[in-house]
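> need a 3D model of the sequence below.
(chains A and B)
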2 protein chains.
Amino acid sequence: MVYINKNYTNLTENYLFSEIARKISEYSARNPGTDIIKMGIGDVTLPLCDEAIRAMTRAVSEMGKAETFHGYGPEQGYDFLRQKIRSYYADRKIQLDEDEIFVSDGAKSDLGNILDIFGKENRVLIPDPVYPVYVDTNIMDGRSISFADADRENNFLPMPNENTHAELIYICSPNNPTGAVYSRSQLKSWVDFALQNGSVILFDAAYESFVSSPDLPRSIYEIEGAKYCAVEFCSLSKTAGFTGTRCGYTIVPKSLVFDKYRLNKLWLRRQTTKFNGVSYIVQRGAEAVFGETGQKQIKANIDYYRENAKLITSALDKLGIYYTGGKNSPYIWMECPDGMNSWQFFDCLLSGANVVGTPGSGFGKNGEGFFRLTAFSTNEKTAEAMERLSGLLA
Amino acid sequence: MVYINKNYTNLTENYLFSEIARKISEYSARNPGTDIIKMGIGDVTLPLCDEAIRAMTRAVSEMGKAETFHGYGPEQGYDFLRQKIRSYYADRKIQLDEDEIFVSDGAKSDLGNILDIFGKENRVLIPDPVYPVYVDTNIMDGRSISFADADRENNFLPMPNENTHAELIYICSPNNPTGAVYSRSQLKSWVDFALQNGSVILFDAAYESFVSSPDLPRSIYEIEGAKYCAVEFCSLSKTAGFTGTRCGYTIVPKSLVFDKYRLNKLWLRRQTTKFNGVSYIVQRGAEAVFGETGQKQIKANIDYYRENAKLITSALDKLGIYYTGGKNSPYIWMECPDGMNSWQFFDCLLSGANVVGTPGSGFGKNGEGFFRLTAFSTNEKTAEAMERLSGLLA
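Modelled structure (predicted):
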C-alpha cells in the first residue's frame, strides 16, 4: 500500500482568506448595493508597463515563425534576462556571477522548492507574524520550527539572541505582513549570527523595490559576509505587477558552502531535474522591465502605490494609531483601536466603514490585535477608504 | 551547521547531452563546413499554431489595460483551460471533474513535485531504459528503486511479474526513449497489479497525441480501474510545440485514496503552497490549442512529424534493422548495426553520415546497443539523413 507523506497530516488549514470572503458575501447579502472597498489582498491592480507589453507581444510573434521560434530554454533562465538581473544588482554595487542567478516562475515556488536541497534535521527559525508559506513548506518536510517573536516592543523586527538556535533562518524585509524593514546594522546582526553558527538565511526580498529610504537595505548582499550565508529570493510580482504573468529569481552565491557542498550546485541540480525554465515570452517581458524605459515605467507604478500608502499612514498618524510599514512597503500593519482583537476590528471596519482589510491573527499568534491594509488599490478608493476609517474612529 | 540533503550526493551526473555536444563540436572543428543533421534532441522545430499565437497576443494586450488585467490566478489553473482539458478527455469517453485537473508549467515539474506527497518508504519501479528524471527525483528523496527491464525480448514493454514489488510505478507510453506503446490489455495488467497491491501508477502521457492507431490507449483512464490507482501527466510540449512556452497538466482523480488520504487533496495542498499558477498569457494560448481550429492546426504539425517518423522507419525497414517506436511516437529506437555499442554507432554515424542521434546507453543499462532518433527535424533534413544512413549501412 502506497505511503503518503504523513507530514501533510500535520498541516492546519488556513481559512483566513476564505473566511474573509464569506464575511464579505454575507454582509453584501444583508446590505445589497453597499460599496465595499477591498484593501485586504496583496495583489496589484495596475496593468503591466508598456515596455513589458511590447516585448511580450514581440516574443509571442517570434514563437509563431520557424526562424524565430524558441523551444526548450535553459532551466536557469535565458542569458539575456540573467544579464539584466546581474546589472540590476551591479547598479547597487553588488557583484554577482550570471550562474548565481536562477530565473523561476516566482518567489513562492522557489521558497518552497529550495527546501529540497536541505536536510530534514535542520532547525528552522521563522518570524511570527509571517507569510504562511515558510511554515507550511517546512511542516511538509517534518522540520522542527521555532518562531522569532515580532511585536510592538521590537517594532516587529525580531533580533537574534542567546536563545536563537536554527540552521535555516527566514527573513522577509520589507516584511509581509508587517511592512517593517530591517536597517543595515540589524541585518548585519543576523548575518553575523548566521556566519557564527553556520546557518543559512533565506532572505525574501519580494518587496525590495518599495524601499525608498537610501539608508535601508534592499538586498541582503549589501551586508558584508552575506554571500557566505544567504540565499535571496526576489520577484517581479509586486515590483512590476507580474502576479499573473509569473516571473521571479533567486540568488544562490557560489560562496555558500556547507560541509564542503556548494548550495549553488545543489540548486542547479534541483532545478535542472524538476523544472524546465520559464516561458520564453514571459522572460522577454521580464527583460524589458529591467531596461531603462521599463524601470522608469514600473517606478511610476510603484510611486502610485506609495501614494496610497501615504494616504493610509497619514490617516493613521492623525488618529494616533500605532503602525509599522507604509513608508518603504506596500503593507501597513496597524494596531486595532480600542483593544479590539483582529476579527472584531475586521467586523467593525466592514460594517462601520465598508472597508475590508486582513486580520493580523491570520499571520500568527503575534498578529492578534493587529490588522493589515495594503496599498494596492486605486488612489481614489484608498482616499475614500481612509475618509471612512477616519470618520469611524475619530 | 546547515545540513544539506545528503541524498543529492548519490546522484550521478548525466553527461549524455554534454558529451554529444562535445563530440559534435570536435568533429566540426576537424571538418569545417560539414553539414551535420541533428536528430538527437527531443525538441520540436515547428512554430506555435496560429490559434495559440492569436490567443496569446490578445492575452498580452489584456495585461496592458487595467480593465482586463489579470493578477494572481488560481494555482490549479483557470477554469477556462480546465474546462477545455475536461472536454478533451470527455471526447475520448473519459469523465473527469474539473477539480481533478491541475494545470502546471510542464510535466517535468509535476513528475518531480508529485513525490512531495508520497512517503520516502515507498519502493519505486522504473522501466529501463528511461527518461532520467524519474530516477533522479527519487534518488533526491532517498527512495529504493528497482528497474523493470525493457529489452528486445519484451519489445521494450516490460510487464509485471511475481518479482515485481513496488508502491510507485512509473509508466511512460508512448515511451521515451523507445517509442514503444502499451496495448490496452498490457496496460490492464499493470492497472490490475496496482489495484491488487495498493500501488500508484505515475503515468507519463506526454506523447499521447502521437498515437494514431485507434486500438492503442492514449490515456491510462481508458483502462477500467485506473481512476483508483493512477495519476496521469500530460504536456503541451510535444502536442502543441510548447517546449519553450511551458504548459502541462496533471490528472489526480478524487477516487485515489490510500490509507484514507485523498491524493487529490494532498496535491492541491502541495500546489497551493509551493506554486502560484501558470502565466495567464500561456493559459490562454493553451486554451486556444484545445479549440476546434487549434486542434486542426496542431494535428497538422503532428502529421508533419509523423511523416518524418515514417521516413525513418521506412529506411530502417529496408535495411532490415530492428526498432521500436515511430508508428505512434516521435521516437525511433533502433538496434545498432553490426554489434556496435551505442557510442560506437554514434561515432560511426557522425563521421560516416554526418548525422547525430542519441546513444541508447545514456538512458540506462538496457539501452546499450541501441540508439534513439527523433522525428522533430524538418522533412527535408530527415529525408537527407535517411539517405545518408542508408548509404552508410547498405
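
> surely A:I139 and A:L11 touch.
Yes: the pair formed by A:I139 and A:L11 meets the contact definition of Cβ atoms under 8 Å, at 5.4 Å. For the C-beta atoms, the positions are set from N, CA and C on the backbone; glycine is no exception.

> who has more neighbours out of these two?
For A:I139 against A:L11, the residue with the higher neighbour count under other Cβ atoms under 10 Å in any protein chain shown is A:I139, and the figures read 18 against 14.

> ok so that one is a helix residue?
Yes: under DSSP: H, G, I helix; E, B strand; the rest coil, A:I139 falls within a helix.

> distance-wise, check it relative to chain B.
For A:I139, the distance to chain B (Cβ to the nearest Cβ, to the nearest Å) stands at 9 Å.

> same thing with A:G294?
In this structure, A:G294 lies at 13 Å from chain B, with Cβ to the nearest Cβ as the measure.

> need the contact list for that residue.
Taking Cβ atoms under 8 Å, 6 or more residues apart in numbering or on different chains as the criterion, A:G294 is in contact with A:C49, A:E51, A:A52, A:A240, A:A288.

> repeat for A:H70
Going by Cβ under 8 Å, 6+ apart, A:H70 touches A:E62, A:M63, A:Y280, B:G244.

> cool, A:P129 as well?
Taking Cβ under 8 Å, 6+ apart as the criterion, A:P129 is in contact with A:A150, A:F156, A:P177, A:T178, A:G360, A:F363, A:G364, A:N366, A:G367, A:F370.

> check what pLDDT it gets.
Looking at A:P129, its pLDDT is 97.

> got the contacts of A:G294 as CSV, with distance to B:I4 columns?
Written out in CSV, the entries for the contacts of A:G294 read as follows (distance: Cβ to Cβ, whole Å):
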residue, distance to B:I4
A:C49, 40
A:E51, 40
A:A52, 37
A:A240, 33
A:A288, 37
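
> and the residues you listed, which of them are in helices?
The members of these that map onto helices under DSSP state H are A:E51, A:A52, A:A288.

> ok, and the most crowded of those?
Neighbour counts for those were taken using other Cβ under 10 Å; the highest belongs to A:A52, which has 30 neighbours.

> distance of it from A:I302?
In this structure, A:A52 lies at 14 Å from A:I302, with Cβ to Cβ, to the nearest Å as the measure.

> try A:A29
37 Å.

> just A:A286 next, same as before
Taken as Cβ to Cβ, the span from A:A286 to A:I302 is 16 Å.

> when these two are compared, which one has more neighbours?
Neighbours of A:A286 and A:I302, each counted by other Cβ under 10 Å, are more numerous for A:A286; the result is 30 against 20.

> just confirm yes or no for the helix or strand where the more buried one lies near chain B.
Assessed by DSSP states H and E, A:A286 sits inside helix A:280-289. Yes: part of helix A:280-289 sits near chain B under the criterion Cβ under 8 Å from any Cβ of the partner chain, namely A:Y280, A:I281, A:V282.

> how far out from the middle of the chain is the strand or helix carrying A:V133?
Per DSSP H and E, A:V133 falls inside helix A:132-141. On the basis of Cα atoms, centre = their mean, to the nearest Å, the separation between the geometric centre of helix A:132-141 and that of its chain is 15 Å.
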